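>>> Following is a predicted model, sequence given first.
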Amino acid sequence: EISVSQARVTSTQLRGSQRITTGNRMEAAPVPLKPMQTLEKNLTEGPSGTPVPAQRGFVLYAVAAKTWVSEKVLFCKHRAKDTAKAAQVKVVEVASDRSVQVAAASAAGGAVVGGTGGAVAGLVAGGAIGAAVGIIPAFLTFGLSIPFGAMLGSGCGVLVGGAVGGATGLTGAGAAGYGAYTRREKIGNIVKDAQTKGAEVIGRTRSEVESRAAATKARVVGTYSTVKDHCASHVTSASERAASACGAAREHAAQSFETTKTKTMELASDKCVQVTAASAAGGAVALGAGAGATGLVTGGAIGAAVGVVPAIFTFGLSIPICAMVGGGCGLVTGTAVGGTAGLVGGGATGYGIYTKREAIGSSVSKTMSRVDDCAKYMKDAASSSADYVRARVVSGTGGTTQ
(Lines give C-alpha, C1' and ligand atoms only; values in the text may rest on other atoms or scores of the structure.)
Protein backbone atom coordinates (compact mmCIF):
# COMPACT_ATOMS: atom_id res chain seq x y z
CA GLU A 1 0.00 0.00 0.00
CA ILE A 2 1.07 3.61 -0.61
CA SER A 3 0.96 6.03 2.25
CA VAL A 4 -0.70 9.39 2.07
CA SER A 5 2.65 11.17 2.31
CA GLN A 6 3.94 9.29 -0.70
CA ALA A 7 0.78 10.18 -2.68
CA ARG A 8 1.17 13.88 -1.72
CA VAL A 9 4.82 13.77 -2.65
CA THR A 10 3.99 12.09 -5.93
CA SER A 11 1.25 14.66 -6.58
CA THR A 12 3.67 17.44 -5.74
CA GLN A 13 6.21 16.01 -8.12
CA LEU A 14 3.48 15.59 -10.72
CA ARG A 15 2.52 19.27 -10.39
CA GLY A 16 6.08 20.36 -10.62
CA SER A 17 6.31 24.03 -9.82
CA GLN A 18 2.52 24.64 -10.21
CA ARG A 19 0.78 26.13 -7.14
CA ILE A 20 -2.74 27.22 -6.14
CA THR A 21 -3.29 30.28 -3.93
CA THR A 22 -5.95 30.53 -1.23
CA GLY A 23 -7.46 33.70 -2.64
CA ASN A 24 -10.13 34.17 -5.27
CA ARG A 25 -7.52 34.28 -8.00
CA MET A 26 -5.31 31.42 -9.13
CA GLU A 27 -1.76 31.97 -10.33
CA ALA A 28 0.19 29.24 -12.11
CA ALA A 29 3.93 29.26 -12.72
CA PRO A 30 5.31 27.60 -15.84
CA VAL A 31 5.77 23.80 -15.40
CA PRO A 32 9.32 22.68 -16.19
CA LEU A 33 8.31 19.08 -17.00
CA LYS A 34 5.32 17.72 -18.85
CA PRO A 35 2.72 15.92 -16.70
CA MET A 36 3.26 12.57 -18.47
CA GLN A 37 7.03 12.74 -18.00
CA THR A 38 6.58 13.51 -14.28
CA LEU A 39 4.07 10.65 -13.98
CA GLU A 40 6.46 8.15 -15.61
CA LYS A 41 9.25 9.28 -13.30
CA ASN A 42 7.04 8.87 -10.23
CA LEU A 43 6.07 5.34 -11.37
CA THR A 44 9.69 4.22 -11.60
CA GLU A 45 11.14 6.08 -8.58
CA GLY A 46 10.01 6.71 -5.01
CA PRO A 47 10.16 9.88 -2.96
CA SER A 48 13.87 9.51 -2.28
CA GLY A 49 14.79 8.29 -5.74
CA THR A 50 14.58 4.57 -4.88
CA PRO A 51 13.04 2.25 -7.42
CA VAL A 52 9.32 1.40 -7.02
CA PRO A 53 8.16 -2.21 -7.46
CA ALA A 54 6.06 -2.90 -10.56
CA GLN A 55 2.99 -4.15 -8.61
CA ARG A 56 2.83 -0.93 -6.68
CA GLY A 57 3.31 1.27 -9.73
CA PHE A 58 -0.27 0.98 -10.98
CA VAL A 59 -1.73 1.94 -7.61
CA LEU A 60 0.65 4.85 -7.29
CA TYR A 61 -0.25 5.87 -10.86
CA ALA A 62 -3.98 5.80 -10.09
CA VAL A 63 -3.61 7.80 -6.85
CA ALA A 64 -1.39 10.33 -8.54
CA ALA A 65 -3.79 10.65 -11.51
CA LYS A 66 -6.78 11.11 -9.19
CA THR A 67 -4.98 13.78 -7.19
CA TRP A 68 -3.91 15.54 -10.38
CA VAL A 69 -7.43 15.45 -11.80
CA SER A 70 -8.87 16.76 -8.51
CA GLU A 71 -6.45 19.63 -8.48
CA LYS A 72 -7.20 20.40 -12.14
CA VAL A 73 -10.91 20.37 -11.40
CA LEU A 74 -10.34 22.66 -8.42
CA PHE A 75 -8.18 24.92 -10.58
CA CYS A 76 -10.89 25.07 -13.29
CA LYS A 77 -13.56 25.73 -10.68
CA HIS A 78 -11.60 28.63 -9.23
CA ARG A 79 -10.88 29.90 -12.74
CA ALA A 80 -14.61 29.73 -13.60
CA LYS A 81 -15.49 31.59 -10.37
CA ASP A 82 -12.91 34.25 -11.14
CA THR A 83 -14.21 34.57 -14.70
CA ALA A 84 -17.84 34.80 -13.49
CA LYS A 85 -16.93 37.42 -10.88
CA ALA A 86 -14.95 39.38 -13.43
CA ALA A 87 -17.87 39.18 -15.87
CA GLN A 88 -20.28 40.25 -13.11
CA VAL A 89 -18.04 43.17 -12.22
CA LYS A 90 -17.79 44.11 -15.89
CA VAL A 91 -21.57 43.89 -16.35
CA VAL A 92 -22.11 46.05 -13.26
CA GLU A 93 -19.57 48.55 -14.53
CA VAL A 94 -21.22 48.66 -17.96
CA ALA A 95 -24.71 48.88 -16.44
CA SER A 96 -23.64 51.68 -14.09
CA ASP A 97 -21.93 53.56 -16.90
CA ARG A 98 -23.91 56.77 -17.53
CA SER A 99 -23.15 56.76 -21.24
CA VAL A 100 -24.52 53.24 -21.61
CA GLN A 101 -27.67 54.21 -19.69
CA VAL A 102 -28.18 57.31 -21.83
CA ALA A 103 -27.57 55.34 -25.02
CA ALA A 104 -29.97 52.61 -23.90
CA ALA A 105 -32.68 55.12 -22.95
CA SER A 106 -32.23 57.01 -26.22
CA ALA A 107 -32.30 53.78 -28.19
CA ALA A 108 -35.45 52.63 -26.40
CA GLY A 109 -37.19 55.97 -27.02
CA GLY A 110 -36.10 56.03 -30.64
CA ALA A 111 -37.24 52.46 -31.12
CA VAL A 112 -40.66 53.24 -29.66
CA VAL A 113 -41.13 56.41 -31.69
CA GLY A 114 -39.68 54.99 -34.90
CA GLY A 115 -41.49 51.71 -34.48
CA THR A 116 -44.81 53.47 -33.90
CA GLY A 117 -44.37 55.74 -36.91
CA GLY A 118 -43.19 52.87 -39.08
CA ALA A 119 -46.10 50.70 -37.96
CA VAL A 120 -48.63 53.43 -38.76
CA ALA A 121 -47.03 54.13 -42.16
CA GLY A 122 -46.84 50.41 -42.88
CA LEU A 123 -50.48 49.97 -41.84
CA VAL A 124 -51.67 52.65 -44.26
CA ALA A 125 -49.34 51.77 -47.13
CA GLY A 126 -49.80 48.01 -46.70
CA GLY A 127 -53.57 48.37 -46.53
CA ALA A 128 -53.62 50.47 -49.70
CA ILE A 129 -51.31 48.08 -51.57
CA GLY A 130 -53.23 45.03 -50.33
CA ALA A 131 -56.55 46.56 -51.40
CA ALA A 132 -55.08 47.43 -54.80
CA VAL A 133 -53.78 43.89 -55.24
CA GLY A 134 -57.13 42.48 -54.11
CA ILE A 135 -58.90 44.31 -56.94
CA ILE A 136 -57.40 41.93 -59.50
CA PRO A 137 -59.25 38.77 -58.37
CA ALA A 138 -62.28 40.74 -57.12
CA PHE A 139 -64.43 39.48 -60.04
CA LEU A 140 -63.77 35.89 -58.99
CA THR A 141 -64.20 36.43 -55.24
CA PHE A 142 -67.23 38.73 -55.46
CA GLY A 143 -65.19 41.59 -53.98
CA LEU A 144 -64.09 39.69 -50.86
CA SER A 145 -60.47 39.79 -51.96
CA ILE A 146 -60.30 43.56 -51.53
CA PRO A 147 -60.86 43.71 -47.73
CA PHE A 148 -58.91 40.47 -47.27
CA GLY A 149 -55.98 41.89 -49.24
CA ALA A 150 -56.21 45.16 -47.30
CA MET A 151 -56.16 43.28 -43.95
CA LEU A 152 -53.24 41.10 -45.05
CA GLY A 153 -51.32 44.09 -46.43
CA SER A 154 -52.00 46.11 -43.30
CA GLY A 155 -50.70 43.30 -41.09
CA CYS A 156 -47.57 42.86 -43.18
CA GLY A 157 -47.10 46.62 -43.32
CA VAL A 158 -47.41 46.91 -39.53
CA LEU A 159 -44.83 44.16 -39.00
CA VAL A 160 -42.37 45.41 -41.60
CA GLY A 161 -42.87 49.09 -40.80
CA GLY A 162 -42.61 48.50 -37.06
CA ALA A 163 -39.46 46.40 -37.47
CA VAL A 164 -37.76 48.82 -39.84
CA GLY A 165 -38.85 51.91 -37.89
CA GLY A 166 -37.90 50.34 -34.57
CA ALA A 167 -34.48 49.25 -35.86
CA THR A 168 -33.85 52.65 -37.41
CA GLY A 169 -35.00 54.51 -34.30
CA LEU A 170 -33.02 52.15 -32.05
CA THR A 171 -29.80 52.61 -34.01
CA GLY A 172 -30.15 56.31 -34.74
CA ALA A 173 -31.37 57.39 -31.33
CA GLY A 174 -28.86 55.19 -29.52
CA ALA A 175 -25.98 56.55 -31.58
CA ALA A 176 -27.23 60.12 -31.15
CA GLY A 177 -27.67 59.71 -27.38
CA TYR A 178 -24.27 58.04 -26.96
CA GLY A 179 -22.55 60.65 -29.09
CA ALA A 180 -24.22 63.53 -27.28
CA TYR A 181 -23.37 62.07 -23.85
CA THR A 182 -19.76 61.23 -24.69
CA ARG A 183 -19.29 64.71 -26.12
CA ARG A 184 -21.22 66.48 -23.38
CA GLU A 185 -18.11 68.16 -22.04
CA LYS A 186 -17.21 69.42 -25.49
CA ILE A 187 -20.77 70.51 -26.08
CA GLY A 188 -20.84 72.18 -22.67
CA ASN A 189 -17.60 73.97 -23.49
CA ILE A 190 -19.05 75.09 -26.81
CA VAL A 191 -22.18 76.34 -25.05
CA LYS A 192 -20.09 78.12 -22.42
CA ASP A 193 -17.92 79.69 -25.10
CA ALA A 194 -21.04 80.77 -26.96
CA GLN A 195 -22.49 82.21 -23.75
CA THR A 196 -19.22 84.00 -22.99
CA LYS A 197 -18.99 85.41 -26.50
CA GLY A 198 -22.66 86.34 -26.39
CA ALA A 199 -22.15 88.11 -23.07
CA GLU A 200 -19.15 89.94 -24.49
CA VAL A 201 -21.08 90.94 -27.59
CA ILE A 202 -24.04 92.04 -25.46
CA GLY A 203 -21.73 94.04 -23.21
CA ARG A 204 -20.03 95.74 -26.16
CA THR A 205 -23.38 96.36 -27.81
CA ARG A 206 -24.82 97.75 -24.57
CA SER A 207 -21.89 100.12 -24.09
CA GLU A 208 -22.08 101.18 -27.74
CA VAL A 209 -25.81 101.71 -27.47
CA GLU A 210 -25.42 103.69 -24.24
CA SER A 211 -22.75 105.92 -25.76
CA ARG A 212 -24.79 106.45 -28.92
CA ALA A 213 -27.91 107.05 -26.83
CA ALA A 214 -26.08 109.69 -24.77
CA ALA A 215 -24.82 111.43 -27.91
CA THR A 216 -28.26 111.21 -29.51
CA LYS A 217 -29.87 112.56 -26.34
CA ALA A 218 -27.50 115.51 -26.32
CA ARG A 219 -28.24 116.23 -29.97
CA VAL A 220 -31.97 115.84 -29.36
CA VAL A 221 -31.85 118.23 -26.40
CA GLY A 222 -30.00 120.81 -28.47
CA THR A 223 -32.34 120.36 -31.40
CA TYR A 224 -35.33 120.55 -29.06
CA SER A 225 -34.17 123.85 -27.64
CA THR A 226 -33.62 125.27 -31.12
CA VAL A 227 -36.93 123.99 -32.40
CA LYS A 228 -38.70 125.23 -29.27
CA ASP A 229 -37.40 128.77 -29.72
CA HIS A 230 -38.17 128.70 -33.43
CA CYS A 231 -41.68 127.31 -32.79
CA ALA A 232 -42.32 129.89 -30.09
CA SER A 233 -41.52 132.70 -32.51
CA HIS A 234 -43.62 131.13 -35.23
CA VAL A 235 -46.49 130.48 -32.80
CA THR A 236 -46.48 134.12 -31.74
CA SER A 237 -46.57 135.37 -35.31
CA ALA A 238 -49.13 132.71 -36.24
CA SER A 239 -51.30 133.73 -33.29
CA GLU A 240 -51.26 137.32 -34.45
CA ARG A 241 -52.08 136.33 -38.03
CA ALA A 242 -54.79 133.95 -36.78
CA ALA A 243 -56.33 136.65 -34.63
CA SER A 244 -56.49 139.04 -37.57
CA ALA A 245 -57.79 136.27 -39.84
CA CYS A 246 -60.42 135.30 -37.26
CA GLY A 247 -61.58 138.91 -37.03
CA ALA A 248 -61.85 139.16 -40.82
CA ALA A 249 -63.59 135.79 -41.02
CA ARG A 250 -66.01 136.85 -38.27
CA GLU A 251 -66.89 140.01 -40.13
CA HIS A 252 -67.25 138.12 -43.42
CA ALA A 253 -69.43 135.48 -41.75
CA ALA A 254 -71.63 138.16 -40.21
CA GLN A 255 -72.00 139.84 -43.59
CA SER A 256 -72.74 136.50 -45.26
CA PHE A 257 -75.30 135.68 -42.58
CA GLU A 258 -77.02 139.02 -43.01
CA THR A 259 -76.99 138.61 -46.78
CA THR A 260 -78.37 135.09 -46.55
CA LYS A 261 -80.99 136.16 -44.06
CA THR A 262 -82.09 139.04 -46.27
CA LYS A 263 -82.18 136.81 -49.34
CA THR A 264 -84.17 134.18 -47.48
CA MET A 265 -86.66 136.74 -46.24
CA GLU A 266 -87.00 138.15 -49.74
CA LEU A 267 -87.63 134.67 -51.15
CA ALA A 268 -90.04 133.84 -48.36
CA SER A 269 -91.94 137.08 -48.87
CA ASP A 270 -91.92 136.71 -52.65
CA LYS A 271 -95.49 136.11 -53.76
CA CYS A 272 -94.29 134.11 -56.75
CA VAL A 273 -92.43 131.63 -54.54
CA GLN A 274 -95.39 131.32 -52.22
CA VAL A 275 -97.78 130.70 -55.10
CA THR A 276 -95.38 128.17 -56.66
CA ALA A 277 -94.97 126.26 -53.36
CA ALA A 278 -98.69 126.24 -52.69
CA SER A 279 -99.43 125.10 -56.26
CA ALA A 280 -96.80 122.36 -56.05
CA ALA A 281 -98.17 121.12 -52.72
CA GLY A 282 -101.74 121.17 -53.98
CA GLY A 283 -100.82 119.42 -57.22
CA ALA A 284 -98.81 116.77 -55.35
CA VAL A 285 -101.72 116.09 -52.97
CA ALA A 286 -104.36 116.04 -55.67
CA LEU A 287 -102.50 113.98 -58.27
CA GLY A 288 -100.88 111.77 -55.61
CA ALA A 289 -104.26 110.86 -54.14
CA GLY A 290 -105.85 110.29 -57.55
CA ALA A 291 -102.90 108.30 -58.90
CA GLY A 292 -102.72 106.27 -55.67
CA ALA A 293 -106.40 105.36 -55.94
CA THR A 294 -105.97 104.51 -59.62
CA GLY A 295 -102.87 102.41 -58.86
CA LEU A 296 -104.71 100.65 -56.05
CA VAL A 297 -107.58 99.66 -58.33
CA THR A 298 -105.38 98.81 -61.31
CA GLY A 299 -102.82 96.87 -59.24
CA GLY A 300 -105.56 94.97 -57.45
CA ALA A 301 -107.15 94.00 -60.75
CA ILE A 302 -103.81 92.92 -62.24
CA GLY A 303 -102.91 90.99 -59.09
CA ALA A 304 -106.26 89.23 -59.04
CA ALA A 305 -105.81 88.33 -62.71
CA VAL A 306 -102.34 86.94 -61.99
CA GLY A 307 -103.69 85.00 -58.99
CA VAL A 308 -106.18 83.20 -61.22
CA VAL A 309 -103.35 81.13 -62.74
CA PRO A 310 -102.38 79.21 -59.59
CA ALA A 311 -105.91 79.30 -58.15
CA ILE A 312 -106.41 75.64 -59.03
CA PHE A 313 -103.51 74.63 -56.80
CA THR A 314 -104.22 77.13 -53.97
CA PHE A 315 -108.01 76.52 -53.85
CA GLY A 316 -108.63 80.16 -54.86
CA LEU A 317 -106.54 81.72 -52.06
CA SER A 318 -104.02 83.11 -54.53
CA ILE A 319 -106.61 85.50 -56.04
CA PRO A 320 -107.18 87.73 -52.97
CA ILE A 321 -103.53 87.48 -51.92
CA CYS A 322 -102.29 88.56 -55.36
CA ALA A 323 -104.98 91.25 -55.46
CA MET A 324 -103.76 92.64 -52.13
CA VAL A 325 -100.11 92.55 -53.23
CA GLY A 326 -100.93 94.15 -56.58
CA GLY A 327 -103.13 96.78 -54.95
CA GLY A 328 -100.36 97.69 -52.48
CA CYS A 329 -97.77 97.94 -55.24
CA GLY A 330 -100.15 99.98 -57.39
CA LEU A 331 -101.01 102.30 -54.49
CA VAL A 332 -97.34 102.98 -53.70
CA THR A 333 -96.34 103.37 -57.35
CA GLY A 334 -99.36 105.54 -58.24
CA THR A 335 -98.93 107.78 -55.21
CA ALA A 336 -95.22 108.27 -55.93
CA VAL A 337 -95.71 108.92 -59.64
CA GLY A 338 -98.83 111.09 -59.17
CA GLY A 339 -97.30 113.05 -56.29
CA THR A 340 -94.15 113.74 -58.31
CA ALA A 341 -96.10 114.73 -61.40
CA GLY A 342 -98.48 116.90 -59.34
CA LEU A 343 -95.58 118.53 -57.52
CA VAL A 344 -93.75 119.41 -60.73
CA GLY A 345 -96.87 120.25 -62.76
CA GLY A 346 -98.60 122.22 -60.00
CA GLY A 347 -95.46 124.20 -59.20
CA ALA A 348 -94.78 124.96 -62.85
CA THR A 349 -98.43 125.90 -63.48
CA GLY A 350 -98.62 128.16 -60.43
CA TYR A 351 -95.30 129.83 -61.26
CA GLY A 352 -96.35 130.36 -64.88
CA ILE A 353 -99.78 131.70 -63.98
CA TYR A 354 -98.39 134.06 -61.34
CA THR A 355 -95.66 135.42 -63.54
CA LYS A 356 -98.19 136.01 -66.36
CA ARG A 357 -100.98 137.22 -64.12
CA GLU A 358 -101.05 140.71 -65.68
CA ALA A 359 -101.35 139.35 -69.19
CA ILE A 360 -103.96 136.89 -68.05
CA GLY A 361 -105.81 139.69 -66.19
CA SER A 362 -105.78 141.95 -69.27
CA SER A 363 -106.99 139.05 -71.42
CA VAL A 364 -109.77 138.34 -68.96
CA SER A 365 -110.73 142.05 -68.88
CA LYS A 366 -110.81 142.19 -72.64
CA THR A 367 -112.88 139.02 -72.75
CA MET A 368 -115.30 140.37 -70.16
CA SER A 369 -115.69 143.66 -72.02
CA ARG A 370 -116.35 141.77 -75.22
CA VAL A 371 -118.88 139.60 -73.41
CA ASP A 372 -120.55 142.75 -72.05
CA ASP A 373 -120.61 144.29 -75.51
CA CYS A 374 -122.08 141.09 -76.93
CA ALA A 375 -124.66 141.01 -74.16
CA LYS A 376 -125.64 144.63 -74.79
CA TYR A 377 -125.82 144.00 -78.50
CA MET A 378 -127.96 140.95 -77.94
CA LYS A 379 -130.15 142.90 -75.57
CA ASP A 380 -130.58 145.77 -78.01
CA ALA A 381 -131.23 143.39 -80.84
CA ALA A 382 -133.78 141.49 -78.81
CA SER A 383 -135.44 144.72 -77.76
CA SER A 384 -135.67 145.99 -81.33
CA SER A 385 -136.92 142.62 -82.48
CA ALA A 386 -139.56 142.66 -79.79
CA ASP A 387 -140.67 146.13 -80.80
CA TYR A 388 -140.81 145.08 -84.41
CA VAL A 389 -142.85 141.99 -83.63
CA ARG A 390 -145.17 143.98 -81.43
CA ALA A 391 -145.71 146.56 -84.14
CA ARG A 392 -146.58 143.96 -86.69
CA VAL A 393 -148.99 142.29 -84.36
CA VAL A 394 -150.74 145.56 -83.58
CA SER A 395 -150.92 146.49 -87.19
CA GLY A 396 -152.37 143.15 -88.03
CA THR A 397 -155.13 143.31 -85.39
CA GLY A 398 -155.95 146.96 -85.77
CA GLY A 399 -155.25 147.80 -82.18
CA THR A 400 -152.72 150.09 -80.51
CA THR A 401 -149.35 149.45 -78.94
CA GLN A 402 -150.91 150.09 -75.59
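Received it, and whenever you're ready, just let me know what you need. Numbers count the residues shown, from 1 in each chain.

>>> Quick one: residues contacting Gly114.
Going by Cβ atoms under 8 Å, 6 or more residues apart in numbering, Gly114 touches Gly165, Gly166, Ala167, Thr168, Gly169, Leu170, Gly172, Ala173. C-beta here means a position set from N, CA and C on the backbone, and glycine is covered the same way.

>>> In strands, which of these appear?
For the contacts of Gly114, membership in strands holds for none, with DSSP state E as the criterion.

>>> Any of those residues buried? List them.
Buried members of the contacts of Gly114, counted by 16 or more other Cβ atoms under 10 Å: Gly165, Gly166, Thr168, Gly169, Leu170, Ala173.

>>> For Gly109, state which of those residues is nearest.
Using Cβ to Cβ, Ala173 comes nearest to Gly109 of the buried ones among the contacts of Gly114, at 5.9 Å.

>>> Wait, the closest one touches Gly115, no?
No: with contact defined as Cβ atoms under 8 Å, Ala173 does not count as touching Gly115 (11.0 Å).

>>> Below-threshold pLDDT in the chain: ranges please.
Applying pLDDT under 70 to the chain flags the ranges 1-61, 94-95, 267-270, 387-389, 392-402.

>>> ok, the spatially most central residue of it to Val221 distance?
The chain has Gly117 as the residue nearest its centroid, 26.7 Å off, counting by Cα atoms, centre = their mean. Using Cβ to Cβ, to the nearest Å, Gly117 is found at 64 Å from Val221.

>>> which helices and strands sit right next to the lengthiest helix in the chain?
When the chain is parsed with DSSP state H, its longest helix is helix 184-269. Contacting helix 184-269 under the criterion 3 or more Cβ pairs under 8 Å, 6 or more residues apart in numbering; DSSP states H and E is no other helix or strand.

>>> and the very next helix or strand once past it, how far out from the chain's middle?
Downstream of helix 184-269, the next assigned helix or strand under DSSP states H and E is helix 271-307. With Cα atoms, centre = their mean, to the nearest Å as the basis, helix 271-307 stands 58 Å off its chain's centre.

>>> Same question for the following helix or strand past helix 271-307: list its buried residues.
Scanning forward in sequence from helix 271-307 by DSSP H and E, the next helix or strand is helix 311-314. The neighbour-count check on helix 311-314 (16+ other Cβ under 10 Å) flags nothing as buried.

>>> on that earlier part again, possible to save the buried ones among the contacts of Gly114 as TSV with distance to Gly327?
Shown next, in TSV, are these (distance: Cβ to Cβ, whole Å):
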residue	distance to Gly327
Gly165	80
Gly166	84
Thr168	84
Gly169	82
Leu170	88
Ala173	85
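
>>> Find the pair from those residues with maximum spatial separation.
Top of the distance list for those (Cβ to Cβ): Gly165 and Ala173, 11.3 Å.

>>> quick check: angle from the longest helix of the chain to helix 271-307?
120 degrees (axes from the mean of the first three to the mean of the last three Cα atoms, to 10 degrees).

>>> Looking at the contacts of Gly114, which are in helices?
Gly165, Gly166, Ala167, Thr168, Gly169, Leu170, Gly172, Ala173.

>>> The fourth one: what's it in contact with?
Meaning Thr168. Counting by Cβ under 8 Å, 6+ apart, Thr168 has contacts Gly110, Gly114, Gly118.

>>> of all the residues you listed, which comes closest to Ile202?
Set against Ile202, the nearest of the contacts of Thr168 by Cβ to Cβ is Gly110 (37.0 Å).

>>> Share the number of residues neighbouring the closest one, please.
Neighbourhood size, Gly110 [other Cβ atoms under 10 Å]: 23.

>>> just Tyr178 next, same as before
Tyr178: 17 surrounding residues under other Cβ under 10 Å.

>>> and the closest residue to it other than its chain neighbours, how many neighbours?
Computed as Cβ to Cβ, 6 or more residues apart in numbering, the closest residue to Tyr178 that is not its neighbour in sequence is Ala103, at 3.8 Å. Burial of Ala103 is recorded as 21 neighbouring residues (other Cβ under 10 Å).

>>> before we move on, which element is Ala103 in?
helix 98-134.

>>> Show me what the following helix or strand past that helix is packed up against.
The C-terminal neighbour of helix 98-134 among helices and strands, as given by DSSP H and E, is helix 138-141. Helix 138-141 is packed against helix 145-182, with contacts defined by 3+ Cβ pairs under 8 Å, 6+ apart.

>>> Just the buried residues of the helix it packs on, please?
Here helix 145-182 shows 145-146, 149-150, 152-154, 156-158, 160-162, 164-166, 168-170, 173-174, 177-178, 181 as buried, counting by 16+ other Cβ under 10 Å.

>>> swap in stretch 326-341?
Gly326, Gly327, Cys329, Gly330, Leu331, Thr333, Gly334, Thr335, Val337, Gly338, Gly339.

>>> From Glu258, how far off is His252?
His252 sits 11 Å away from Glu258 when distances are taken as Cβ to Cβ.

>>> what's the answer for Thr298, then?
53 Å.

>>> Equivalent analysis for Ser362, please.
Distance from Ser362 to Glu258, by Cβ to Cβ: 39 Å.

>>> swap in Gly339?
37 Å.

>>> ok, back up a step: from the contacts of Thr168, pick the one nearest Ala278.
Among the contacts of Thr168, and counting by Cβ to Cβ, the member closest to Ala278 is Gly118, at 95.9 Å.

>>> Please list all residues in contact with that closest one.
Neighbouring residues of Gly118 by Cβ under 8 Å, 6+ apart: Val160, Gly161, Gly162, Ala163, Val164, Gly165, Gly166, Thr168, Gly169.

>>> quick one: it and Ser145, what's the gap?
26 Å.

>>> Repeat that for Lys192.
Taken as Cβ to Cβ, the span from Lys192 to Ser145 is 64 Å.

>>> cool, Ala87 as well?
For Ala87, the distance to Ser145 - Cβ to Cβ - is 55 Å.

>>> pretty sure Thr116 contacts Leu123?
No: judged on Cβ under 8 Å, Thr116 makes no contact with Leu123 at a distance of 10.6 Å.
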